[in-house]
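A.B. asks: what would the 3D arrangement of this be:
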Amino acid sequence: MTTVEAFKKIMDEQTEIALATSVEGVPNVRIVSFFYDELKKCLFFSTFRGNEKIIEFQKNSNVAFTTIPTENTNHVRVHYAQVKKSECTVYDVAEQWIKKIPSYEENIKQAGAMLELYEIHFTEAIVILGMSSRQTIQL
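C.D. replies: Alright, predicted model coming up:
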């Protein structure tokens, strides 16, 4: 398996990222569910309107993240990314969410009107496969 194939597999199988922001030198990390859209080359996540992280995004759109592995230590890290509010809604991407995380269907039904969709754009990712492989790929 190539590193690019491993990247796609990780982004397809892992469901959460630790998303890091920083405002005025104060870092903040939180865990969010996500899906990666290979055609748009961006990661999507949702959050409730008025959430603290939205204010942080407005102050500093630079973010970093790492996927959270569940079965092994393989993961993807991104140091230089930009977050922005999506022009799409959670309803527009519901099929992709539910395909990846079936339980997200209930979230959309119950809270979809209160959720805002965000995109994370990046052009470079570090793919870590076990203890012996760490490669940077360009997207």
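
A.B. asks: count of residues packed around residue 59?
C.D. replies: Using other Cβ atoms under 10 Å, residue 59 has 11 other residues around it. In short, each C-beta sits where N, CA and C put it, glycine included.

A.B. asks: give me the pLDDT value at the closest residue to it other than its chain neighbours.
C.D. replies: In space, not counting the residues next to it along the chain, residue 59 is nearest to residue 23; the distance is 4.7 Å by Cβ to Cβ, 6 or more residues apart in numbering. Here the pLDDT value assigned to residue 23 is 91.

A.B. asks: thought residue 23 was touching residue 58?
C.D. replies: No - the criterion here is Cβ atoms under 8 Å, and residue 23 misses it with residue 58 at 9.4 Å.

A.B. asks: which residues does residue 116 form a beta bridge with?
C.D. replies: Listed beta-bridge partners, residue 116: residue 47 (assigned using DSSP bridges).

A.B. asks: pull the contacting residues for it.
C.D. replies: With contacts taken as Cβ atoms under 8 Å, 6 or more residues apart in numbering, residue 116 has the following neighbours: 46, 47, 48, 49, 54, 85, 86.

A.B. asks: cool, residue 20 as well?
C.D. replies: Residue 20 neighbours (Cβ under 8 Å, 6+ apart): 27, 28, 29, 63, 64, 65.

A.B. asks: kind regards, and thank you for your time.
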